[in-house]
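Trainee: Fold the following and give me the result.
(4 chains)
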There are 4 protein chains.
Amino acid sequence: MIVSETKIRVRYGETDQMGYAYYGIYAQYYEVGRVDAMRVLGFSYKEVEDRGIMMPVLEYNIKYKKPAYYDDELTIVTRITEMPTGVKVNFEYECFNQHGDLLNTGFVTLAIIDKATNKLCKLPGWFSSAMRKFF
Amino acid sequence: MIVSETKIRVRYGETDQMGYAYYGIYAQYYEVGRVDAMRVLGFSYKEVEDRGIMMPVLEYNIKYKKPAYYDDELTIVTRITEMPTGVKVNFEYECFNQHGDLLNTGFVTLAIIDKATNKLCKLPGWFSSAMRKFF
Amino acid sequence: MIVSETKIRVRYGETDQMGYAYYGIYAQYYEVGRVDAMRVLGFSYKEVEDRGIMMPVLEYNIKYKKPAYYDDELTIVTRITEMPTGVKVNFEYECFNQHGDLLNTGFVTLAIIDKATNKLCKLPGWFSSAMRKFF
Amino acid sequence: MIVSETKIRVRYGETDQMGYAYYGIYAQYYEVGRVDAMRVLGFSYKEVEDRGIMMPVLEYNIKYKKPAYYDDELTIVTRITEMPTGVKVNFEYECFNQHGDLLNTGFVTLAIIDKATNKLCKLPGWFSSAMRKFF
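Mentor: Numbering: from 1, shown residues only, chains lettered A, B, ... in the order given. Here you go, the predicted structure:
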């Protein structure tokens, strides 16, 4: 399994008039979590794109339990629990605040796209061999 | 059933370096769709909040089929297909581009919260009687 | 002079916990205003980029007089008051709410960049001749 | 003088299709810088609001020299160079990338508002005495 933790502080501009971190902002937080999960593998998502792979989102799901507030320091826990065998990669999420309260859980499924052909593909060798060490 | 259509043009700042409308922006588009679905009932979400009801999001799900691009004119179709009986309201979504391509589908579940007590509640009378005409 | 008017409704996700439209969101509103000012010329900013010109922002200034609130319908008035002679284009802005109150004023200076060379350039002929009709 | 440094990594969702960090995102980065400048004083902006002071933006100016790219690690240098004597506070900014390149400079002027009266006011004693140590 691959696990990473990302600390994110809620910005003022990310709150809404309810006083909550806007429900839509977690897509960004989860994306930052994904990038950190990839760093565990030894490369950045930037390098992934530079090496010819694009990973757009196929599905995104989030369940909200409690809100985050301005200036809260959140911990995004990102997990890849299964070695990807096809043309998709799944990420699972938990988001906690500084008191340890679980604020929301979710998942994101990414497609693996070959930038040269713009078509779905399996993980290239350098990517899957980096992942295999964790499974 | 309640159905509404919302036209939204993709802003430059909403694109990402893939050249797509960022996957996280649809939370805002869907929210604008919700507001228009409520206008069908004869009031704005602003009035809902002014009358003492807050409707934070409990769950949000989106499946992406095709990307939207800068300056695309999108149509967000928002549906409430069932009369809410408990403390939640469900919205279903389809998002099309100007060529009629279905870009993504999703749903959002809102909680109904009494601002005075900050607790879950059923729809107040003025809200549910406005909805009942459509079911 | 080129003048355009753009209607924009403040989205929930654009508010902050002060209950105002976040001060940073006007960069997007002004950008939408710029796009509409170009449509007056007969082409979209998308076409400008497709024809090989990129127009990144060199300077952005905004003075806030009154806040906008959720669901306000704003009018962005965008003006190009002088025919550009060098490698820059200036846009001037006024933003009003639905009551006619002036909320903020500002300006944006864009650079004209040739995408092929990635260098500053003057307006290409098709662009400047479209503009000249207005001056 | 008060000086603070803030590290911010450019998120994917903050890029645009030019491949740059969107010009409008710096309003958020500068705001995070402001919050860190206040922490130097010994309190958070959250506490400022909790103690009855609101500080909306009166003016915002930014000059762009070079773009930031996805995953760049930026340093926002925020300075308050003068002790505020009236109803405003000025912040000056420099933004550098990880190579030490100066990307942009700017300033933000905040109003000091008493939340109880919703009117402009001078800095309250606890705020100005914390500041005076630096001037």
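Trainee: From here on, just use CA atoms for contacts and neighbour counts.
Mentor: Fine.
Trainee: most distant residue from the middle of chain A?
Mentor: Ranked by distance from the centre of chain A (C-alpha atoms, centre = their mean), the top residue is A:Gln17, with 26.5 Å.
Trainee: I'd say that one and C:Asp16 touch.
Mentor: Yes - assessed by C-alpha atoms under 8 Å, A:Gln17 is found in contact with C:Asp16 at 5.1 Å.
Trainee: Return the residues of chain A in contact with chain D.
Mentor: Contact residues, chain A versus chain D (C-alpha under 8 Å from any C-alpha of the partner chain): A:Arg11, A:Tyr12, A:Gly13, A:Gln28, A:Glu31, A:Val32, A:Lys46, A:Tyr70, A:Asp71.
Trainee: for the third one, what are its contacts?
Mentor: Counting by C-alpha atoms under 8 Å, 6 or more residues apart in numbering or on different chains, A:Gly13 makes contact with C:Glu14, C:Thr15, C:Asp16, C:Tyr22, C:Gly24, D:Gln28.
Trainee: circling back to that earlier point, give me the secondary structure label for the residue farthest from the centre of chain A.
Mentor: Under DSSP: H, G, I helix; E, B strand; the rest coil, the three-state class of A:Gln17 is coil.
Trainee: so how far is D:Phe135 from it?
Mentor: A:Gln17 sits 36 Å away from D:Phe135, going by C-alpha to C-alpha, to the nearest Å.
Trainee: likewise A:Tyr69?
Mentor: A:Tyr69 is 33 Å from D:Phe135, by C-alpha to C-alpha.
Trainee: Comparing these two, which residue is more hemmed in?
Mentor: For A:Tyr69 and D:Phe135, the more surrounded residue by other C-alpha atoms under 10 Å in any protein chain shown is A:Tyr69, and the numbers stand at 23 against 10.
Trainee: For that one, give me its contacts.
Mentor: A:Val10, A:Thr15, A:Gly19, A:Tyr20, A:Ala21.
Trainee: Can you tell me the element the residue nearest the centre of chain A falls in?
Mentor: Per C-alpha atoms, centre = their mean, the C-alpha nearest to the average position across chain A is that of A:Arg34, at 2.8 Å. The secondary structure element spanning A:Arg34 is helix A:26-41 (assigned by DSSP states H and E).
Trainee: tell me the SS of A:Asp104?
Mentor: Not Asp; residue A:104 is Asn. strand.
Trainee: Does it touch A:Val77 like I think?
Mentor: No - the criterion here is C-alpha under 8 Å, and A:Asn104 misses it with A:Val77 at 10.7 Å.
Trainee: who touches both of these two?
Mentor: Residues touching both A:Asn104 and A:Val77 (C-alpha under 8 Å, 6+ apart): A:Glu94, A:Cys95.
Trainee: Show the residue spans covered by the strands in chain A.
Mentor: For chain A, the strands defined by DSSP state E cover A:2-9, A:53-54, A:57-64, A:73-80, A:88-96, A:102-111, A:113-114, A:119-120.
Trainee: Neighbours of the closest residue in space to A:Ala37 that isn't next to it in sequence, how many?
Mentor: Spatial nearest neighbour of A:Ala37, chain neighbours left out: A:Ser4 (5.1 Å); criterion: C-alpha to C-alpha, 6 or more residues apart in numbering or on different chains. Residues near A:Ser4, counting by other C-alpha under 10 Å, number 19.
Trainee: go on, A:Lys7?
Mentor: 17.
Trainee: How about the contacts made by it?
Mentor: Contacts for A:Lys7 were tallied using C-alpha under 8 Å, 6+ apart; they are A:Glu73, A:Leu74, A:Thr75, A:Ile76.
Trainee: Residues of chain A that sit close to chain C?
Mentor: A:Tyr12, A:Gly13, A:Glu14, A:Thr15, A:Asp16, A:Gln17, A:Met18, A:Gly19, A:Tyr20, A:Tyr22, A:Gly24.
Trainee: so does stretch A:79-93 get close to chain B?
Mentor: No - using C-alpha under 8 Å from any C-alpha, stretch A:79-93 stays clear of chain B, with a minimum separation of 13.2 Å.
Trainee: Now the terminal residues of that stretch, how far apart.
Mentor: 6 Å.
Trainee: nearest spatial neighbour of A:Ile2, skipping sequence neighbours?
Mentor: Nearest non-adjacent residue to A:Ile2, counting by C-alpha to C-alpha, 6+ apart: A:Ile80, 5.1 Å away.
Trainee: give me every residue that touches the one you found.
Mentor: Counting by C-alpha under 8 Å, 6+ apart, A:Ile80 touches A:Met1, A:Ile2, A:Val3, A:Val89, A:Asn90, A:Phe91, A:Glu92.
Trainee: so the fourth one bridges to which residues?
Mentor: It stands for A:Val89. A:Val89 has these beta-bridge partners by DSSP bridges: A:Leu110.
Trainee: ok so, going back, pretty sure the residue nearest to the centre of chain A is touching A:Phe91, no?
Mentor: Yes - with contacts counted by C-alpha under 8 Å, A:Arg34 reaches A:Phe91, the gap being 7.3 Å.
Trainee: Quickly list what's touching both of those two.
Mentor: A:Thr78.
Trainee: which residues does A:Ile25 contact?
Mentor: Shown in contact with A:Ile25 (C-alpha under 8 Å, 6+ apart): A:Glu14, B:Gly24.
Trainee: Could you report the distance from it to C:Leu58?
Mentor: As judged by C-alpha to C-alpha, A:Ile25 and C:Leu58 stand 28 Å apart.
Trainee: what residues are up against A:Leu74?
Mentor: Applying C-alpha under 8 Å, 6+ apart to A:Leu74 gives the contacts A:Thr6, A:Lys7, A:Ile8, A:Arg9, A:Val10, A:Cys95, A:Phe96, A:Asn97, A:Gln98.
Trainee: meant to ask about A:Val3
Mentor: A:Ala37, A:Val77, A:Thr78, A:Arg79, A:Ile80.
Trainee: Just list whatever residues bridge to A:Ile53.
Mentor: A:Asp114.
Trainee: How about the residue nearest to the centre of chain A: what's its closest non-neighbour residue?
Mentor: A:Thr78 (6.6 Å).
Trainee: Ok, A:Ala116 next?
Mentor: Using C-alpha to C-alpha, 6+ apart, the closest residue to A:Ala116 is A:Gly52 (6.8 Å).
Trainee: who are the neighbours in contact with the one you found?
Mentor: Counting by C-alpha under 8 Å, 6+ apart, A:Gly52 makes contact with A:Asp114, A:Lys115, A:Ala116.
Trainee: Residues of chain A that sit close to chain B?
Mentor: Where chain A comes near chain B, counting by C-alpha under 8 Å from any C-alpha, the residues are A:23-25, A:27-28, A:57-65.
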